[in-house]
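K.L.:
quick one, what's the 3D model for this:
(2 chains)
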Protein chains: 2
Amino acid sequence: MMRIAVVAVGDELLLGDGVNSNLTWLARELAQAGMQTVRGIEVGDNLAELVPALRGALEVADAVVVTGGLGPTSDDRTREALATLGGVELRRDPELASTIGAWFAERGRPAPQSVFGQADVPEGARPLGNGLGTAPGIHIEIAGRPVYAVPGVPTEMRLMFGATVLPDLRSRAGSPRPLLTRQARVSGVGESAVADRLAEVEADLPAQIALAYLASPGEVRVRLTGIDPQQLDAWLDRVASVLGEDVSGFGDETLPATVLWLLVARSETVATAESLTGGAVASALVDIPGASAAFVGGVVAYATALKVQLLGVDAGLLETNGTVDPQVALEMARGVRSRLGADWGISTTGVAGPLPEAAVEPGTAFIAVVGPSVERVVQVKQMGGRDLVRQVVRVRVLDLLRRSLLAAGSGRPDPEHTP
Amino acid sequence: MMRIAVVAVGDELLLGDGVNSNLTWLARELAQAGMQTVRGIEVGDNLAELVPALRGALEVADAVVVTGGLGPTSDDRTREALATLGGVELRRDPELASTIGAWFAERGRPAPQSVFGQADVPEGARPLGNGLGTAPGIHIEIAGRPVYAVPGVPTEMRLMFGATVLPDLRSRAGSPRPLLTRQARVSGVGESAVADRLAEVEADLPAQIALAYLASPGEVRVRLTGIDPQQLDAWLDRVASVLGEDVSGFGDETLPATVLWLLVARSETVATAESLTGGAVASALVDIPGASAAFVGGVVAYATALKVQLLGVDAGLLETNGTVDPQVALEMARGVRSRLGADWGISTTGVAGPLPEAAVEPGTAFIAVVGPSVERVVQVKQMGGRDLVRQVVRVRVLDLLRRSLLAAGSGRPDPEHTP
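P.N.:
Below you'll find the predicted structure:
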């Protein structure tokens, strides 16, 4: 197995300014390509630290991927570090410099002098194209081993790694058996409850397959990792049969994508009425390419008066029950469904916190789904901060719609409370 | 300044199974205590990798903090690695063994034989108490430098680090001055343009202050790090005076928070009309606690017909110009402003991709701001994927509102194109 070291460059990493998702992403991509990440290293933006860190990485690995430190500013030192390590000089690449100039010219913006530093490449190194920004990457051979430097901006890093670094690594590695993963996504059930239900499956699992639980707000992913695709598929089937309709999707099928797919399959549409989630439900649907096939639009009725004006919620009801109320949630969903002319209306109302509102505790919410022949409203109670409450409610209302669509499709009576 | 290396142990880190928040947390704690994390290292659960990684950490730092690999299972190898590195044997500590036995007895559970391996300590090392689980930590001196091993479970790690490791580090470091940061946030200007404008400031910067640029979609943060608060404040002032109104906030003041604050200061409100961003602008505002003081609500008019029905956009205009049009953006902002009764209306319309729509290329968008005495519409062109386009447009429309609010406050004529 090819051994790779990954080096992430940036003072901010060592100040604890936010988790470094680049190391994680690269390690996962490499594992999926059948390569082993043997070391992940975070190091600051200065030559005195960077050069020994890179040297150490080269000592333990067959190849090194460096991310960050390629930008135009004075704290971007990866180019110099690679030149130092390779014992060569930096040279300005005229072709790169003109590409960078053209990038700015196309946008009618003057090119700041500093950006041309990005055209400096260690002698003998190969620049790697960047489809998004101006910072090119670098591929250099040091002590007979390839070192690839890619940007630290995640979108640029991912694009360049996939387009240039990974193919080069693959061609060197021959054809290792890639580590494969299968994933079932579960909504609306807690991690330990999922684990309990899968205890028997886990006990039977062969040694070649690893099972892991990855929890995020409102969702748990059950992941199987192994090398035999048929074997993995068979075990994924078993996981899915145990979890039944709690599985909201497989692999990369997110909950919003599943919901849109179920709607499209029925030639139906949905509209959103949001208070607590403030547009996050609509935005999660619009995140999916092709959302317009089933999502018509939504209303963010944050001020109470707008719940009356835009959604037709009864003003007297709001007066007596307040906004965090099952009937209000239901009227919001009904209102957006009829006013926006959709087949389904979904709604959220509640208190995200940090403070209670009108004596309602933070983390209290109601979600509703109204469809052609069903009305459902569910209370959600969620501890935790404002962001967590809003995230969980966003997932829960989409999951309620998903379950309602499944029930509608099967002709089964609706299992949950319907007022 | 005391130089610390942090080593996180665990195969899962190198498989990309989730970001490693332990490294981030430890780096932040150390910075706040006035110590410098010079290297963060992720390494797998085996001696052949672990020993050289720890040796490398000892070479670059005054002290090493290791997290993970202390549990009871066969893949927990930190104890052995420390013994190997220190050139000593592992010895079972009878007191630890009886504490572990008692922990299980108290819970009425049989103690599995494997757990007693956690009572093994390298000769000459000091066990560190764990208030939560069974795994004790280890403090050992190797080559005259302290190495502290703490559990990988975040809650246990944090407790033990705070209770035992940090006090010991502090007593060795004397009373270092904590590392402080100051931050200016810049919207609507690229990283290299910001760096160019600050070139002179950077040249004048004293050695005790470090300046870094942290870019994210549509935003650049300029961060100053140092130890003298007055000196940092003075330099932050200079940065701010160079960047002027391009500074959208300081420290943790995000762009949506700044916009809401400017609105509240004027006792004015805003409503959102979104197509391209699909609710993400509204959601970014609602993310801020207290948003209801200035944000009334919004409309997500994703389907074209809803732009007419909910926002009053002229149907003939949509017919002739399509939806991605400056006049459409303007009518959306006007419509949401008047229909929702807000002082300001803001809008987004465009093509996020991946495919062109009605011959309009992905990444083409129009944003508009309509206020009591101003109307502004701006075209945005953004390369990159669907998510990036939507993120940048979300930031740009909030920034356009911010700039409009500043201009309205100053009584200055509006600098940008006003149709």
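
K.L.:
helix, strand or coil for the residue of chain A most remote from its centre?
P.N.:
Relative to the mean C-alpha coordinate of chain A, counting by CA atoms, centre = their mean, the farthest residue is residue A:316 (41.7 Å). Under DSSP: H, G, I helix; E, B strand; the rest coil, the three-state class of residue A:316 is helix.

K.L.:
please enumerate the helices of the stretch 201-350 of chain A.
P.N.:
A:229-243, A:255-265, A:280-286, A:304-311, A:315-321, A:326-339 (DSSP state H, counting those that start in this stretch).

K.L.:
now the third one - C-alpha only, PDB.
P.N.:
Provided in PDB are the C-alpha atoms of helix A:280-286 (Å, rounded to 0.1, in the frame of the first residue of the first chain):
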ATOM      1  CA  ALA A 280     -32.900  27.000   6.400                       C
ATOM      2  CA  VAL A 281     -35.400  24.300   5.300                       C
ATOM      3  CA  ALA A 282     -35.900  26.000   1.900                       C
ATOM      4  CA  SER A 283     -32.200  26.500   1.500                       C
ATOM      5  CA  ALA A 284     -31.500  22.800   2.300                       C
ATOM      6  CA  LEU A 285     -33.800  21.900  -0.600                       C
ATOM      7  CA  VAL A 286     -32.300  24.500  -3.000                       C
END
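
K.L.:
gap between it and the chain center?
P.N.:
Remark: helix A:280-286 is offset 14 Å from the chain centroid, using CA atoms, centre = their mean, to the nearest Å.

K.L.:
do the same with the fifth one
P.N.:
Using CA atoms, centre = their mean, the mean C-alpha position of helix A:315-321 is found 39 Å from that of the whole chain.

K.L.:
can you give me the buried ones in it?
P.N.:
Residues of helix A:315-321 classed as buried: A:317, A:318 (neighbour count, 16 or more other CB atoms under 10 Å in any protein chain shown). The way it works is simple: take the backbone N, C-alpha and C, and place the C-beta from them, glycine included.

K.L.:
what's the angle from the helix or strand bottoming out on mean pLDDT in chain A to helix A:229-243?
P.N.:
Sorting the helices and strands of chain A by mean pLDDT, DSSP states H and E puts strand A:210-216 at the bottom, at a mean of 78. Interaxial angle, strand A:210-216 versus helix A:229-243 (axes from the mean of the first three to the mean of the last three CA atoms, to 10 degrees): 50 degrees.

K.L.:
returning to what we had before: where's the residue farthest from the centre of chain A relative to residue A:330, distance?
P.N.:
Separation of residue A:316 from residue A:330 (CB to CB, to the nearest Å) stands at 15 Å.

K.L.:
show me how chain A divides into domains.
P.N.:
A:3-173, A:180-250, A:255-410 (automatic domain parsing).

K.L.:
can you add distance to residue B:105 and give those domains back as JSON lines?
P.N.:
Formatted as JSON lines, those follow (distance: least, CB to CB, whole Å):
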{"stretch": "domain A:3-173", "distance to residue B:105": "39"}
{"stretch": "domain A:180-250", "distance to residue B:105": "25"}
{"stretch": "domain A:255-410", "distance to residue B:105": "32"}
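
K.L.:
make TSV out of these and add distance to chain B.
P.N.:
Formatted as TSV, the domains of chain A follow (distance: least, CB to the nearest CB, whole Å):
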stretch	distance to chain B
domain A:3-173	3
domain A:180-250	6
domain A:255-410	3
